[in-house]
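Enquirer: got a structure for you, letters missing:
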């Protein structure tokens, strides 16, 4: 599933698609200002992330034990619930905010993990070359021989088997972050490596070396800053992919265990009977859609601005 | 040819590593693996499971045993409780894998049927409003998770209007109509997230092709636009489509697995979910191995086809 971030990056690389429509001046150079859509995307993400972080202090109902027995399966704006209630009368608005916390924690946590490890491996392989490069690249390629969803499913189901005591919230969320993070390492690593290869050949790197800079200094002070835009762009796309992937894990019963909410398990809980309490799955679906669109768009903007290519050799 | 042989050797190495990983999966279970697999079994049954899993052997021996059985089609049996013999895993794979493959073939066909005309048309009209709108819609559809598209369709087409059945698999032989009625929603749900990528790449490729001299030549000979687009400009882009198809195998498989669970299609994805939910780790490691092998083989096939179609590609793979 994560491969789709890579495919998308490849698709966008030559396409000059959506972000390519951002304002350009008459002589063809890009304006430094962000377009309106980019600002909308940023504002949306700030709202979602803010709500997720502030969930414990926001004046919202208890998402798990806040039963409103008299108003179960209430629709939009019914009985004082903005987004209605679910089958047991819990407030959907409160559940999507707490769900945002779980979903974003998984999305951001796993990609930060993957970017740190994959990024370092890619930087090292691309910069050192030789044996280190061969070994690390082989490692990436073998990992990529598993379909990513299957690898993630397998890791979670082995290290946090469903129906056992190790399937508690904190344990499960840690395992999911680690599993998805591991799965994302080769994709994030490969892109970092390709870009490092390109930048390591540049004159200023040679100049730094000629002045006697150590490998470490050249790698982190000269090459890394130039590779960051590529890493950022693929990381943004990957967070979007993982937010969707969390729902897929939920469908296999491997996301946050009920009754704690995540966007994915809220949708999953209603799939077999989508007409019973439609807001329970429609609201998190809409939130996933808007968040994914925002992240994809911003990833595209970063890519277009810094002219990132999948393989910038 | 030499490159294909080299890839073949790589293929074998990757397959060995992939199956090795899956074969030792059950050993990675926290605590006593047998307890997790069969929590209420008698000591004698536990010993039996321990024996089939080869948990007393070292990892290499265990892999050897597993591989030997696996290639002979013996994938063990599911654990079914005290004194009961569970269904054979090979039997499950034999019925469910072809269904998953057929589902993926349908998705691939529908994706191309939508993406190719769309890609050609947006390339032809590049830079116009139609192009922009089509691009925006494709980008939006691409962001809809398959499971959300599936749930929406189930709500409107099954629950509210009773137009299509929402679950189950019907074989094509007795009634093709029922077969396709059961598969319309699953196939559409996966395709919605797929075709945008194909269309986008094809468009980019064709925009470049349309500026070639031979296209100008064709135009000056008075050949009609549609003939130029379909006969002259599309052909060189077929390699691009193949590249995307290769890159996309992973998301295609993932999509099929998820959708099978939602629509109870009893393919390998549905079986995978059942195995996870009931902690059938013997079955699970075989399913994972089978899926990984299919993935590796399809990727290899795409790569080989690519080399055959385009002799310029020797060393590097474009992607």
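Expert: Noted; the coordinates are in hand. Predicted model, so just to flag it, every value in this text is computed and none were measured.
Enquirer: residues in contact with the residue in the stretch 101-250 of chain A that chain B sits nearest to?
Expert: The minimum distance from the stretch 101-250 of chain A to chain B, using Cβ to the nearest Cβ, falls at residue A:149 (3.8 Å). Just so you know, the C-beta spots here come from the backbone N, C-alpha and C atoms, and that holds for glycine as well. Counting by Cβ atoms under 8 Å, 6 or more residues apart in numbering or on different chains, residue A:149 touches A:1, A:245, A:248, B:250, B:253, B:254, B:257, B:258.
Enquirer: so the fifth one sits right up against residue B:107, yeah?
Expert: In this case it means residue B:253. No - assessed by Cβ atoms under 8 Å, residue B:253 is found out of contact with residue B:107, at 10.3 Å.
Enquirer: For the residue of the stretch 101-250 of chain A closest to chain B, identify the helix or strand it belongs to.
Expert: For residue A:149, the host element (DSSP states H and E) is helix A:148-159.
Enquirer: which SS class is residue A:59?
Expert: Secondary structure state of residue A:59, per DSSP: H, G, I helix; E, B strand; the rest coil, is coil.
Enquirer: pLDDT value on it, please?
Expert: pLDDT, residue A:59: 79.
Enquirer: What are the boundaries of the strands in the chain?
Expert: I went with chain A, as the question did not name one. In chain A, no strands are defined using DSSP state E.
Enquirer: ah, I was thinking of chain B
Expert: B:77-79, B:85-88.
Enquirer: right, and the ones you listed - which one's nearest chain A?
Expert: Chain A lies closest to strand B:77-79 among those, at 13.7 Å (Cβ to the nearest Cβ).
Enquirer: spatially speaking, which residue is in the middle of chain A?
Expert: For chain A, the residue nearest the mean C-alpha position is residue A:239 (0.8 Å; Cα atoms, centre = their mean).
Enquirer: any idea how far residue A:192 is from it?
Expert: Per Cβ to Cβ, to the nearest Å, residue A:239 is found 16 Å from residue A:192.
Enquirer: cool, residue A:150 as well?
Expert: Counting by Cβ to Cβ, the gap from residue A:150 to residue A:192 is 24 Å.
Enquirer: Please list the residues of the stretch 101-250 of chain B that sit near chain A.
Expert: Neighbours of chain A within the stretch 101-250 of chain B, by Cβ under 8 Å from any Cβ of the partner chain: B:132, B:135-136, B:139-140, B:142-145, B:147-148, B:150-152, B:154-155, B:159-160, B:193, B:197, B:200-201, B:203-205, B:244, B:247-250.
Enquirer: now those: which count as buried?
Expert: The neighbour count (16 or more other Cβ atoms under 10 Å in any protein chain shown) marks B:132, B:135, B:139, B:142-145, B:147-148, B:150-152, B:154-155, B:193, B:197, B:200-201, B:203-205, B:244, B:247-250 as buried among those.
Enquirer: Among those, which lie within helices?
Expert: Under the assignment DSSP state H, those contribute B:132, B:135, B:139, B:142, B:147-148, B:150-152, B:197, B:200-201, B:203-205, B:244, B:247-250 to helices.
Enquirer: sorry, back to before: nearest to residue A:130 among the contacts of residue A:149?
Expert: The shortest approach to residue A:130 among the contacts of residue A:149 belongs to residue B:250, at 29.6 Å (Cβ to Cβ).
Enquirer: so residue B:28 sits right up against residue A:159, yeah?
Expert: Yes - assessed by Cβ under 8 Å, residue B:28 is found in contact with residue A:159 at 7.3 Å.
Enquirer: Of the two, which one has the most company?
Expert: Remark: of residue B:28 and residue A:159, residue A:159 carries more neighbours, 18 against 13, as counted by other Cβ atoms under 10 Å in any protein chain shown.
Enquirer: Find the residue closest to that one in space, skipping its chain neighbours.
Expert: Of all residues not flanking residue A:159 in the chain, residue A:175 sits nearest, at 4.9 Å (Cβ to Cβ, 6 or more residues apart in numbering or on different chains).
Enquirer: May I ask which two of the contacts of residue A:149 are separated the most?
Expert: It's A:245 and B:253 that sit farthest apart of the contacts of residue A:149, by Cβ to Cβ, at 13.6 Å.
Enquirer: the inter-axis angle of whichever helix in chain A runs longest versus helix A:148-159?
Expert: Ranked by residue count and defined by DSSP H, the top helix of chain A is helix A:92-128. Interaxial angle, helix A:92-128 versus helix A:148-159 (axes from the mean of the first three to the mean of the last three Cα atoms, to 10 degrees): 110 degrees.
Enquirer: pLDDT (mean, whole number) over helix A:92-128?
Expert: The pLDDT scores in helix A:92-128 average 93.
Enquirer: doesn't residue A:247 make contact with residue A:107?
Expert: No - using Cβ under 8 Å, residue A:107 is not in contact with residue A:247; the gap is 11.0 Å.
Enquirer: Residue A:253 contacts residue A:161, doesn't it?
Expert: No - if you go by Cβ under 8 Å, residue A:253 and residue A:161 don't touch, sitting 10.5 Å apart.
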